[in-house]
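**Q** I'll drop the sequence and a predicted model, then ask my questions.
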Amino acid sequence: MGDHVPVRCPVCRRTHTFASPVYPCACGAPLAPPLLRGAPAEPIRHRTWTDDWVTVRCQACGRQDQWPQPELGCPCGTVLRIPVRPVTAAPTSSAGATAAQRAAAAAAGAAGPVADGTTAQPSVSPGTPESPGSIGSPASGRPTLIPPPRAVAAPRPTFHPVTIRTARDAVTAAALYLRWLGFQEVVQPEERPASGIDLRAPGLVAQVDPTTRPTGLRAVECLWLNGLSASAVSVFFSLAGYAADARARADDLGVPLFVMDLTGTPQPVNAPADELLSTGA
C-alpha cells in the first residue's frame, strides 16, 4: 500500500490526506512512489511531459522505472504536484533478495511459519446466537418475522485507468471513466469536431482539455450550450484544473467538472461531479 501524507492546498488552505498510487512492477510486486513527507505541494500552472514523470525503484527487485508524478486535484480547482523522495544509491543484493523473499512470502498467503517464528492463523468470525426472548426465538413464543428483501444497488467494479502520455490518451481515459459511470455507447471521433466535443453518447456530451493551462469560462459555457441543444448531460475533464470563474459558472449551470492526473484517474471538483460519481449515469 502507498504512503499516506497530509497535503495542504496553498490556494484555499484546505488540508487533504493523500495516498500514493500503487503500480505493478515488471516483477509483479506492487510499487508506490515514496512521498516526501513534510514537503509542500506545488500548484501545477504549466505542464511539461518531462517534469510529470518520476524515477521510482522497486523495493523487491531493485528495478528503476519512470512513473507518473503523484498529483492531487483540490476541490477549489487547483491541481497539486506531490513531492516524491528522489532515488538514491541502489540497494545491496542482500537487501534486494530479502525484500524479494518477503514479497514471495506475502504472495503465498498460506498459514505457516513466518520470519519471527510464529504461525499465521486464519481469522475466524464466531457466530452470534439469538438472544433469549427475541422475536422469532423459541423462548419468545412469537413467529419469526422475515424482513422483505431490500433492493441494493450493485457496486461498481474497480476502475482501471489508462496512463496519460498524449492528448489522445486523455480522451481515452475520460471515455473509460464515463463507461465506468454507466454511460453506454461512448463514441470517440477520429478527428475533433469544430464544436470541441470529444466524446458523445446517448444523453451525454463531454469535452477533454489536455492543455497545460486551467480551463476557462468560455470552454465551460460552450460545452453547456452543446449539451443544452442536444438535451444531454455535459461533463468536462481537464488536466490542469479550472479558472475560478469557470468553476463558479459550472456550479451555476450544473456542469460536472473533473480533473485528471497522469495516471488517468478523474477526480470530481464540484458538487455536480460528486453527484454524478455517486449516482452514475
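**A** Perfect, I can see it now. Numbers count the residues shown, from 1 in each chain.
**Q** and Asp169, that one's in a helix?
**A** Yes - counting by DSSP: H, G, I helix; E, B strand; the rest coil, Asp169 falls inside a helix.
**Q** which residues touch the closest residue to it other than its chain neighbours?
**A** Nearest non-adjacent residue to Asp169, counting by CB to CB, 6 or more residues apart in numbering: Val162, 6.2 Å away. Any C-beta I mention is one placed from the backbone N, CA and C, and that applies to glycine too. Contact partners of Val162, counting by CB atoms under 8 Å, 6 or more residues apart in numbering, are Asp169, Thr172, Ala173, Leu176, Gly264.
**Q** over to Asp251?
**A** When contacts are counted by CB under 8 Å, 6+ apart, Asp251 touches Asn270, Ala271, Pro272.
**Q** quick revisit: is it possible to mark the buried ones in the contacts of Val162?
**A** Neighbour counting with 16 or more other CB atoms under 10 Å marks Asp169, Thr172, Ala173, Leu176, Gly264 as buried within the contacts of Val162.
**Q** ok, back up a step: angles on the backbone of the residue nearest to Asp169, please.
**A** Backbone geometry at Val162, expressed as degrees, to the nearest 10, gives phi -120, psi 130.
**Q** just to revisit the earlier point, kindly indicate the member of the contacts of Asp251 with the most neighbours.
**A** Greatest neighbour count in the contacts of Asp251, by other CB atoms under 10 Å, goes to Asn270: 21 neighbours.
**Q** now it: how far from Trp53?
**A** Distance, Asn270 to Trp53, using CB to CB, to the nearest Å: 29 Å.
**Q** Tyr23 too?
**A** To Trp53, Tyr23 is 12 Å away according to CB to CB.
**Q** overlap in contacts of those two?
**A** Common neighbours of Tyr23 and Trp53, using CB under 8 Å, 6+ apart, are Trp67.
**Q** distance to Asp252, pLDDT and secondary structure for the contacts of Val162 - can I get that in JSON lines?
**A** Below are the contacts of Val162 laid out as JSON lines (distance: CB to CB, whole Å; pLDDT from 0 to 100; DSSP: H, G, I helix; E, B strand; the rest coil):
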{"residue": "Asp169", "distance to Asp252": "31", "pLDDT": "89", "secondary structure": "helix"}
{"residue": "Thr172", "distance to Asp252": "30", "pLDDT": "91", "secondary structure": "helix"}
{"residue": "Ala173", "distance to Asp252": "27", "pLDDT": "93", "secondary structure": "helix"}
{"residue": "Leu176", "distance to Asp252": "29", "pLDDT": "93", "secondary structure": "helix"}
{"residue": "Gly264", "distance to Asp252": "29", "pLDDT": "90", "secondary structure": "coil"}
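**Q** in JSON lines: those residues, plus distance to Asp198.
**A** JSON lines is the format used below for the contacts of Val162 (distance: CB to CB, whole Å):
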{"residue": "Asp169", "distance to Asp198": "12"}
{"residue": "Thr172", "distance to Asp198": "10"}
{"residue": "Ala173", "distance to Asp198": "11"}
{"residue": "Leu176", "distance to Asp198": "13"}
{"residue": "Gly264", "distance to Asp198": "15"}
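**Q** by mean pLDDT, point me to the weakest helix or strand of this structure.
**A** helix 93-108 (a mean of 50; mean pLDDT, DSSP states H and E).
**Q** dump the residue contacts of Ala230.
**A** Counting by CB under 8 Å, 6+ apart, Ala230 touches Val205.
**Q** looking at the contacts of Val162, which is nearest Arg37?
**A** Gly264 (25.7 Å; CB to CB).
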